[in-house]
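Asks: Using only what follows, build the 3D model:
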Amino acid sequence: MALAPEKLTIRCYGVGFGDCFLVSFHYPDGAASRHMLIDFGSMQRPPNAASDRMGKIAADIAKTVGKRLQVLVATHRHSDHISGFETSAGGKGTGAVIAKLKPQLVIQPWTEKLDAPRESKGPGKGLTSAADDALRLTLDRMSEVAAMSVREARHLSRQLRAELGFVAQDGVKNLSAVKNLAKWGEQGKAAYVFYGKKIPGLATLLPGVKIDVLGPPTISQKSSVQTQNARNEQEYWHFTRFWRLQGATAGLVTRSGADLFPKAAVYDAESTPAENRWFIRRLRELRGERLLRIVRAMDNAMNNTSVILLITVGKKKFLFPGDAQWENWEHTLGKDLKKLEGVDVYKVGHHGSLNATPMTLWKNFGKRSTKKSAPGRLQTLMSTRTDSMHGHPENKTEVPRERLVRALQRHTTLRSTQELEAEGKLVLPVEFDLR
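Replies: Numbering: from 1, shown residues only. Model prediction:
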């Protein structure tokens with residue numbers, strides 16, 4: 001009889017605003033457990049958490065895994081998903097702890113294979129079309145704009161400075177983590193995945209485990225993945241104004257930096273005549289608000305490169321979508337809606353935001369039930385933080401979105417890392433019997 005797991009444990013780590021899940025597959029007859037780490041990052045520690053929080057989490061991961069990590073998944077490059085993979089200048093830090101586990105397989109979205117040659121058939125045969133290459137370049141330039149926005153934020157009001165700084169910093173390219181992920185992939189095996197791609201070597205590393213890659217699509221598979229809709233009355237848990245990235249981003253990225261009027265006198269806002277100071281400060285605020293809109297659009301674009309994994313073990317299905325939003329989901333739901341009907345465990349997308357759990361997906365979950373004792377009731381896992389810097393309750397864009405959380409509590413068995421905030425614990429382990 002083929003080897004297959006009989007139990008599964010998902011360790012949900014309390015990273016605050018971020019994701020970190022260690023999935024452990026337990027085999028019968030004394031066979032060693034196998035492990036898959038899905039993301040490790042944070043943008044905002046849990047309330048009152050110590051500064052060494054991420055270090056303690058890395059140590060717990062290492063203790064649980066032992067000598068070798070079979071699979072590492074970095075769903076996308078946002079800092080709240082990969083910052084734990086970075087190392088300090090001295091070669092230390094949480095990334096050094098993960099490096100010692102020598103990941104045998106590193107899975108990332110196709111957009112992270114930046115040195116791939118151009119070919120017309122898409123990532124399966126060489127790698128990508130010119131449009132796909134352009135999207136990868138755009139993502140890199142988005143990181144540049146995000147870095148610029150972090151610098152600009154220091155001139156703004158406290159509230160705008162905090163929000164712009166938080167969202168922009170998440171999009172800044174984490175060079176250390178990106179390099180480490182690439183290096184670990186070279187040392188073991190690397191899989192840059194897209195919709196429908198088969199993961200090589202998986203059967204050997206995780207016997208009895210099937211993984212379907214449901215996203216992200218390439219542009220040749222779904223051209224609309226390049227766009228972002230802030231308003232979608234059928235799919236989102238709230239509606240907000242529509243922001244366009246095109247044009248604004250290009251203008252910021254390609255700007256030469258030369259002064260428009262090089263001979264004109266320049267005054268700091270505080271040294272100008274008093275009657276002009278309010279006007280100058282207001283111009284700065286307007287510029288900051290514009291930057292925030294651009295950075296939010298870039299944040300959505302990066303989220304839409306998220307790897308979506310459907311893990312099937314025995315009769316149970318586990319859905320891990322990273323931060324995928326509608327433009328990523330649209331392709332999947334158009335092709336695999338039936339396959340998703342029987343999901344047993346859903347990792348809530350994007351920390352519970354309004355547009356990462358499309359209504360079509362939600363209504364399609366066949367195991368939702370208002371009866372808490374219903375056999376096989378859908379279980380949901382959410383990694384988030386109370387009072388995060390993302391969105392505003394008054395705009396109904398807060399993360400986690402209250403309306404979504406109420407639905408999760410009513411129709412599923414919800415476990416959230418917010419539980420750890422009150423308890424002061426590091427990890428929320430959830431166990432599943434697969435027999």
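
Asks: Low-confidence regions, the chain specifically.
Replies: For the chain, applying pLDDT under 70 flags the ranges 1, 114-173, 224-234, 236-301, 388-392.

Asks: Please, where are all the helices along it?
Replies: Using DSSP state H, the helices of the chain run over residues 53-65, 79-82, 94-99, 130-152, 158-171, 175-187, 202-205, 248-254, 274-303, 326-340, 359-364, 402-411, 418-423.

Asks: and the second one, what other elements does it pack with?
Replies: Helix 79-82 is packed against strand 34-40, helix 158-171, helix 175-187, with contacts defined by 3 or more C-beta pairs under 8 Å, 6 or more residues apart in numbering; DSSP states H and E. Where you see a C-beta, it was placed from the backbone N, CA and C, and this is true even at glycine.

Asks: quick one: strands adjacent to the first one?
Replies: In the sheet containing strand 34-40, its partner strands are strand 20-26 (antiparallel), strand 71-73 (parallel), by DSSP bridges.

Asks: what comes up buried for that strand?
Replies: 34, 35, 36, 37, 38, 39, 40 (16 or more other C-beta atoms under 10 Å).

Asks: Repeat that for the last one.
Replies: By neighbour count with 16+ other C-beta under 10 Å, helix 175-187 contains the buried residues 176, 177, 178, 180, 181, 182, 184, 185.

Asks: What residues does the residue nearest to the fifth one when sequence neighbours are not counted make contact with?
Replies: Same thing as residue 181. Distances taken as C-beta to C-beta, 6 or more residues apart in numbering put residue 74 closest to residue 181, at 5.4 Å, once the chain neighbours are dropped. By C-beta atoms under 8 Å, 6 or more residues apart in numbering, the contact set of residue 74 is 39, 81, 82, 85, 106, 107, 108, 112, 181, 307.

Asks: For residue 29, state which of the residues you listed is nearest.
Replies: Using C-beta to C-beta, residue 107 comes nearest to residue 29 of the contacts of residue 74, at 28.3 Å.

Asks: Now do the closest one: how many residues are near it, please.
Replies: Look at residue 107: counted by other C-beta atoms under 10 Å, it has 27 neighbours.

Asks: one step back: between the buried residues of helix 175-187, which is closest to residue 30?
Replies: Nearest to residue 30 among these is residue 184, at 28.9 Å by C-beta to C-beta.

Asks: you'd agree the closest one is up against residue 100?
Replies: No - between residue 184 and residue 100 there is no contact, the gap being 10.9 Å when judged by C-beta atoms under 8 Å.

Asks: re the thing from before, among the buried residues of helix 175-187, which one sits closest to residue 398?
Replies: Among those, residue 177 lies closest to residue 398 (C-beta to C-beta), at 27.4 Å.

Asks: Identify, from the buried residues of strand 34-40, the entry nearest to residue 402.
Replies: Minimum distance to residue 402 across the buried residues of strand 34-40 is 24.4 Å, recorded for residue 39 (C-beta to C-beta).
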